[in-house]
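1. Sequence and predicted structure are below.
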Amino acid sequence: MEEKPVYYDKRAGFWKDHFKRAQNYGEYLAGSETEKARKWAEMAKKLPPLTEEQKKRVAGFKRILNVLMYSGVWCGDCVRQGPMLHMIASACGDNVRLRVIDREASQELKDELRILGAMRVPTVVFLTEDFFEVGRFGDRLLATYRAKAQRELGAACETGLVPPPADQLAAELAEWVDIFERMLLMARLSPPLRQRHGD
């Protein structure tokens, strides 16, 4: 019997295939319904800019990090978080590659990324250069759940038409910066990648 390597991810091929099928951010929006894509562009203008400290925390990492966003262009949470992810990935530099895949693109992916049994978007999967999973996060971040709990969830579903208050956007953006930094550090400190790259 062949011995397994110490480090492996049995789903690396699955992730690699779905990452190849995904589109870059601009392509995803260009191929979406114009009115829905417009909401993403409008939200991008409402986001607070990254601080210099936030930019420093995510820039200059030597590792490739593949970031797969599972999305629905119609989804209010995606309208808000998609532009945040794009902003942060851009600040990271060329080694961070953000790709977006629509929720309807793959039944396998739908089943893999269910949260509480539901098909929730967005979900973001972070992958190494070998397409080993580093981590996944979705569908809403803590800042959003805190705000929703404060409002006791109400009957209306968010549509992305009305942006949340600026302080909530800043809190959510800061959470995503923390997540990116964590994923970047995990990939940078990975023993097999350090051995491969001699650092």
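-> Ah, there it is. Numbers count the residues shown, from 1 in each chain.
2. average pLDDT across the top helix by length along the chain?
-> Identified as the longest helix of the chain according to DSSP state H is helix 166-188. Helix 166-188 carries an average pLDDT of 94.
3. what's the distance between that helix and the middle of its chain?
-> 10 Å (C-alpha atoms, centre = their mean, to the nearest Å).
4. and what of stretch 90-108?
-> 7 Å.
5. Run through who's touching the next helix or strand after the longest helix of the chain.
-> Remark: after helix 166-188, the chain's next helix or strand is helix 191-197, criterion DSSP states H and E. Residues outside helix 191-197 that contact it (C-beta atoms under 8 Å, 6 or more residues apart in numbering) are 6, 7, 62, 63, 128, 129, 187. C-beta here means a position set from N, CA and C on the backbone, and glycine is covered the same way.
6. Pull out the buried residues from stretch 118-128.
-> 119, 120, 121, 122, 123, 124, 125, 126, 127, 128 (16 or more other C-beta atoms under 10 Å).
7. And those residues, which is closest to residue 110?
-> residue 119 (5.4 Å; C-beta to C-beta).
8. What are the contacting residues of the worst-scoring helix or strand of the chain on mean pLDDT?
-> Lowest mean confidence among the helices and strands of the chain (mean pLDDT, DSSP states H and E): helix 142-150, at a mean of 78. By C-beta under 8 Å, 6+ apart, the surrounding residues in contact with helix 142-150 are 77, 140, 164, 168, 171, 172, 174, 175.
9. Same question for stretch 94-113.
-> By C-beta under 8 Å, 6+ apart, stretch 94-113 touches 14, 18-19, 21-25, 28, 58, 61-73, 82, 85-86, 89, 119-121, 123, 125, 136, 138, 180, 184.
10. Same question for stretch 78-92.
-> With C-beta under 8 Å, 6+ apart, stretch 78-92 has contacts from 25, 39-41, 43-44, 47, 50, 54-55, 58-59, 61, 65, 67, 69, 71-72, 96-98, 100, 121-122, 124, 141, 160, 163-164, 169, 172-173, 176-177, 180, 184.
11. quick one: low-confidence parts of the protein?
-> Along the chain, segments meeting pLDDT under 70 span 152-166.
12. which stretches of the protein form strands?
-> Using DSSP state E, the strands of the chain run over 23-24, 65-71, 96-102, 123-127, 133-138.
13. Dump those strands to TSV, plus distance to residue 33.
-> Shown next, in TSV, are those (distance: least, C-beta to C-beta, whole Å):
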stretch	distance to residue 33
strand 23-24	15
strand 65-71	13
strand 96-102	12
strand 123-127	21
strand 133-138	22
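14. tell me what the longest helix of the chain is packed against?
-> Packing partners of helix 166-188 (3 or more C-beta pairs under 8 Å, 6 or more residues apart in numbering; DSSP states H and E): helix 52-58, strand 65-71, helix 76-92, strand 123-127, strand 133-138, helix 142-150.
15. could you redo these as JSON lines and give each row distance to residue 34?
-> Below are the helices and strands packed on helix 166-188 laid out as JSON lines (distance: least, C-beta to C-beta, whole Å):
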{"stretch": "helix 52-58", "distance to residue 34": "31"}
{"stretch": "strand 65-71", "distance to residue 34": "17"}
{"stretch": "helix 76-92", "distance to residue 34": "14"}
{"stretch": "strand 123-127", "distance to residue 34": "25"}
{"stretch": "strand 133-138", "distance to residue 34": "26"}
{"stretch": "helix 142-150", "distance to residue 34": "26"}
